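In: Below: sequence and its predicted model.
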Number of protein chains: 2
Amino acid sequence: MQSVKKESVDRRLRDLRKRMSQKGIDVALFWDPDNEYYLSGFRAISYSRPIMLLVYQDHTQYIIPALEEEHAKLNAQVNEFFVYYETKPHSHMNTHHLDPLLRIMDSLESNTVFGLELDIIPASMLKMFQDNGFSVKDIGEDLIELRAVKDEEEIFWLDQAGRLSDIALEASFDNLKPGISELEFDSFGDKKLLEVASEEFPDQIVGFENWTCSGIERSAMPHLYSSTRKYEQNDVVVHSRQVWINGYRAENERTFLIGEPTDQQKECLQLAIDAQQAGFDAVKPGVKASEVDQASYNIFKNAGYGDYIQHRIGHGLGLTEHEEPYLRFDNDLILEEGMVYTIEPGLYMPGVGGFRHSDTVIVTKDGCRTITSYPRKLKNLMF
Amino acid sequence: MQSVKKESVDRRLRDLRKRMSQKGIDVALFWDPDNEYYLSGFRAISYSRPIMLLVYQDHTQYIIPALEEEHAKLNAQVNEFFVYYETKPHSHMNTHHLDPLLRIMDSLESNTVFGLELDIIPASMLKMFQDNGFSVKDIGEDLIELRAVKDEEEIFWLDQAGRLSDIALEASFDNLKPGISELEFDSFGDKKLLEVASEEFPDQIVGFENWTCSGIERSAMPHLYSSTRKYEQNDVVVHSRQVWINGYRAENERTFLIGEPTDQQKECLQLAIDAQQAGFDAVKPGVKASEVDQASYNIFKNAGYGDYIQHRIGHGLGLTEHEEPYLRFDNDLILEEGMVYTIEPGLYMPGVGGFRHSDTVIVTKDGCRTITSYPRKLKNLMF
């Protein structure tokens, strides 16, 4: 099953506790499953049953639903568990996720300062802390910063995710034929990916998401769920895939052209390819996020297509679909070795189509390397 | 593409506005994508770019990122759009999702009362309303109540989701063979499901999630992500699947036994089947949620297995993985015609395995009907 090395968890908690001291936070309470996994190695499926991780200077606690008890005790690197129940035989125990938390709060000094992920935790939780007279500071920003630079263990899994995503793309393209739908195209890659992962990585969690937009109208919208629309002659298709293993994600996207594309469609795809290359070339430690964005954007602008962009050039990646650093024109964040993000400049023209490749890169000592490598050239992407 | 009938949106907004008046809420702000879809017919992929729907007594507004502008204008049944940007050519416009919201707040009387989904919207949003001196009430509970009873349009899609999930289960079981992994077993169903959906439902959004736990140890934990673990002789496997079309979800789960199960394993699976039947039999309008839970639980208790349960008997289903009504021992909610939920009593015994079927039911005038119907009997589930 999935896990995180003890030394990684220890180092992350040490870094977090240093920040808590500096900010005057006594207890950090985490609600976000990805932050919890990062800090404890435990990942649960959590919809209607909240899971909370509390970090103090000298210990850690988990509040978990009964149906995660065994799983958490196997996987979570944590000092203490509080379990809540939803069944008749346990009606004399905690029956709500707030029961143990309220008891913990009762045992603390009234001047205890809590750290919460203010951009993630629900408003009702903040209200509860306010109603109980505790002061609250943000701890979410700290986790964003800590998680932005990946360690060796994380980079190992990112590399595997990148390679698996290439295998999936290859299987989708190998099975491309007239009359299949966006979702069927996706599914060839899914199936192959799971076969290969099952052979190579026993007892691991592997997953995927795809967003495929086909046709002139749909591809010109950057962000749609894959649908049952069937490919037609002269379609422009933007196929996007994220694959994760042991939590870590790679993004891999290719735009391709079916049938007889117009000269302008070929020009636009070539521009997206060139803008992506300019993005790769701009990356090294010490450069601002905005500079990478602008390096890509200038390719579009200089070709007279500057008005046909709709989004930043890339986003960070790791445990979450989108995370820092965001490669935006106005983000002064300085890139560091070990940061991971996508480079995915896109052009979207009504009546012509959408054009965007995305690859995942890791910042190295003096530049970057891609962890996704499916062929990017125009000649490889015309069918 | 996905859509919701105008008359449905109109009726839902009418019901919501009545509740807003009763509660003294002037403007309801929605953050949850499922609530937004329910009230406008627009569903976007939203990770790092928030989308907000504002409902007043006489109009509605959407705050959307630039890359959703065209998509939203095609699909969203709303009066007014505010767009925010993340690119250099638009640096003189809104460049943050709060820019348009703050301007809207500036234009409102200071005694305006906002409705927020307090259990969903991030704490930082509540803080912003507090800092700007507005009072805030919960509107999330109202949407939970409105959404709990499904209308004819919703039931149509739920029926399709149920049928598609049966097709997927059949394909997974038809391809069951020694040595395949949990994820490969899932993928046979995924692929067939997408083929059939592509043929029958052009231009629709279809999706799925699976959670398969195999082996004595893993099946005894009710809630795990599917992994690359390969099936072994004498495994107990709990295979769980949700399928959605046009947003609406059906859940379909079967426990199956590979090889030569022990008498106790067969007994436990038969008890789970009997407990589920007792749950089906208990459902009709006017009954409490807790009564259905207890009808199932009593089967376990009377057989001497009352201590081996870990979760309630079922949860509501519709647009979200888990929603009201929760079939818990302490939920006094009265069931109504048109409510939809799972019936999934489970037994979990260390060293023996986990045993749980789940089916999705719709409350009818005088009972319920299942929308999932893959064979449930022990003799169909031994391989």
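Out: Cool, the structure landed.
In: Mind jotting down where the helices sit in chain A?
Out: Using DSSP state H, the helices of chain A run over A:6-23, A:33-40, A:69-75, A:98-106, A:123-131, A:140-148, A:152-174, A:182-200, A:215-219, A:263-282, A:289-302.
In: and A:Asp330, which of those is closest to it?
Out: Nearest of the helices of chain A to A:Asp330, taken as C-beta to C-beta: helix A:289-302 at 6.2 Å. For every residue, glycine as well, the C-beta is placed using N, CA and C.
In: The closest one packs against which elements?
Out: The contact analysis (3 or more C-beta pairs under 8 Å, 6 or more residues apart in numbering or on different chains; DSSP states H and E) places helix A:289-302 against helix A:263-282, strand A:323-327.
In: run the last query once more with 10 Å
Out: Judged by 3 or more C-beta pairs under 10 Å, 6 or more residues apart in numbering or on different chains; DSSP states H and E, the packing partners of helix A:289-302 are helix A:263-282, strand A:314-316, strand A:323-327, strand A:340-343, strand A:346-349.
In: do the shortest one and chain B meet at all?
Out: Yes: part of strand A:314-316 sits near chain B under the criterion C-beta under 10 Å from any C-beta of the partner chain, namely A:315-316.
In: rewinding a little: so can I have TSV of the helices and strands packed on helix A:289-302 showing mean neighbour count?
Out: Below are the helices and strands packed on helix A:289-302 laid out as TSV (neighbours: other C-beta atoms under 10 Å in any protein chain shown):
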stretch	mean neighbour count
helix A:263-282	20
strand A:314-316	25
strand A:323-327	23
strand A:340-343	28
strand A:346-349	24
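In: hang on, the earlier thing: just so I know, which of the helices of chain A lies nearest B:Pro50?
Out: Closest of those to B:Pro50 is helix A:123-131, at 13.8 Å (criterion: C-beta to C-beta).
In: in the stretch 1-150 of chain A, what spans have low per-residue confidence?
Out: Scanning the stretch 1-150 of chain A with the threshold set as pLDDT under 70 gives A:1-2.
In: quick one: A:Arg356 from chain B, how far?
Out: 11 Å (C-beta to the nearest C-beta, to the nearest Å).
In: Pretty sure A:Pro222 is one of the things that residue touches, is it not?
Out: Yes: using C-beta atoms under 10 Å, A:Arg356 is in contact with A:Pro222, at 6.9 Å.
In: joint contacts of those two?
Out: Counting by C-beta atoms under 10 Å, 6 or more residues apart in numbering or on different chains, the common neighbours of A:Arg356 and A:Pro222 are A:213, A:238, A:240, A:309-311, A:344, A:346, A:348.
In: ok, and of the residues you listed, which contact chain B?
Out: A:213, A:240, A:309-311, A:346, A:348.
In: What about these, which are in strands?
Out: A:213, A:240, A:346, A:348 (DSSP state E).
In: Correct me if wrong: the second one contacts A:Ser214.
Out: Going back to what we said before, that points to A:Ser240. No: counting by C-beta under 10 Å, A:Ser240 stays clear of A:Ser214, with 11.7 Å between them.
In: any common contacting residues for those two?
Out: A:224, A:226.
In: contacting residues around A:Phe383?
Out: Contact analysis of A:Phe383 by C-beta under 10 Å, 6+ apart lists A:173, A:176-178, A:231, A:235, A:237, A:256-259.
In: thinking again about what came up before, any chance of the ones next to chain B among the shared contacts of A:Arg356 and A:Pro222 in a markdown table with pLDDT as columns?
Out: Shown next, in a markdown table, are those (pLDDT from 0 to 100):
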| residue | pLDDT |
| --- | --- |
| A:Cys213 | 97 |
| A:Ser240 | 98 |
| A:Ile309 | 96 |
| A:Gln310 | 95 |
| A:His311 | 96 |
| A:Gly346 | 98 |
| A:Tyr348 | 98 |
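In: Give me the neighbour count for A:Asn298.
Out: Residue neighbour count, defined by other C-beta atoms under 10 Å in any protein chain shown, stands at 15 for A:Asn298.
In: can you check A:Gln22 too?
Out: With other C-beta under 10 Å as criterion, A:Gln22 counts 9.
In: One more: A:Met125?
Out: As a burial measure, A:Met125 scores 26 neighbours (other C-beta under 10 Å).
In: Would you check that A:Trp211 makes contact with A:Val238?
Out: Yes: counting by C-beta under 10 Å, A:Trp211 does reach A:Val238; the two are 8.2 Å apart.
In: Need the overlap of contacts for those two.
Out: With contacts taken as C-beta under 10 Å, 6+ apart, the residues that reach both A:Trp211 and A:Val238 are A:222-224, A:253.
In: want to try CSV for those, with pLDDT as columns?
Out: Below are these laid out as CSV (pLDDT from 0 to 100):
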residue, pLDDT
A:Pro222, 92
A:His223, 90
A:Leu224, 94
A:Glu253, 98
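In: Among these, which are located in strands?
Out: A:Glu253.
In: Name the nearest of the shared contacts of A:Trp211 and A:Val238 relative to A:Glu154.
Out: Using C-beta to C-beta, those come closest to A:Glu154 at A:Glu253, 21.7 Å.
In: which stretch in the helices and strands packed on helix A:289-302 is the model least sure about?
Out: When mean pLDDT is averaged over each of these, strand A:323-327 scores lowest at a mean of 92.
In: Determine how far that strand lies from the middle of the whole chain.
Out: Put simply, strand A:323-327 sits 10 Å off its chain's centre (C-alpha atoms, centre = their mean, to the nearest Å).
In: what's the angle between it and helix A:263-282?
Out: Between the axes of strand A:323-327 and helix A:263-282, defined by axes from the mean of the first three to the mean of the last three C-alpha atoms, to 10 degrees, the angle is 110 degrees.
In: In PDB, list the C-alpha atoms belonging to strand A:323-327.
Out: C-alpha atoms of strand A:323-327 as PDB (Å, rounded to 0.1, in the frame of the first residue of the first chain):
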ATOM      1  CA  GLU A 323      -0.600  23.800  -6.900                       C
ATOM      2  CA  GLU A 324       2.100  26.500  -6.600                       C
ATOM      3  CA  PRO A 325       4.000  27.800  -8.500                       C
ATOM      4  CA  TYR A 326       1.500  29.400 -10.800                       C
ATOM      5  CA  LEU A 327       3.400  30.600 -13.900                       C
END
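In: Give the pairing partners of it; include direction for each.
Out: Partner strands for strand A:323-327, per DSSP bridges, with pairing direction: strand A:314-316 (antiparallel).
In: Kindly state the beta-bridge partners for A:Ser181.
Out: Beta-bridge partners of A:Ser181, as defined by DSSP bridges: A:Lys230.
In: you'd agree it is up against B:Ile205?
Out: No: using C-beta under 10 Å, A:Ser181 is not in contact with B:Ile205; the gap is 11.4 Å.
In: Now list whatever residues contact both of the two.
Out: Common neighbours of A:Ser181 and B:Ile205, counting by C-beta under 10 Å, 6+ apart, are A:226-228, B:197.
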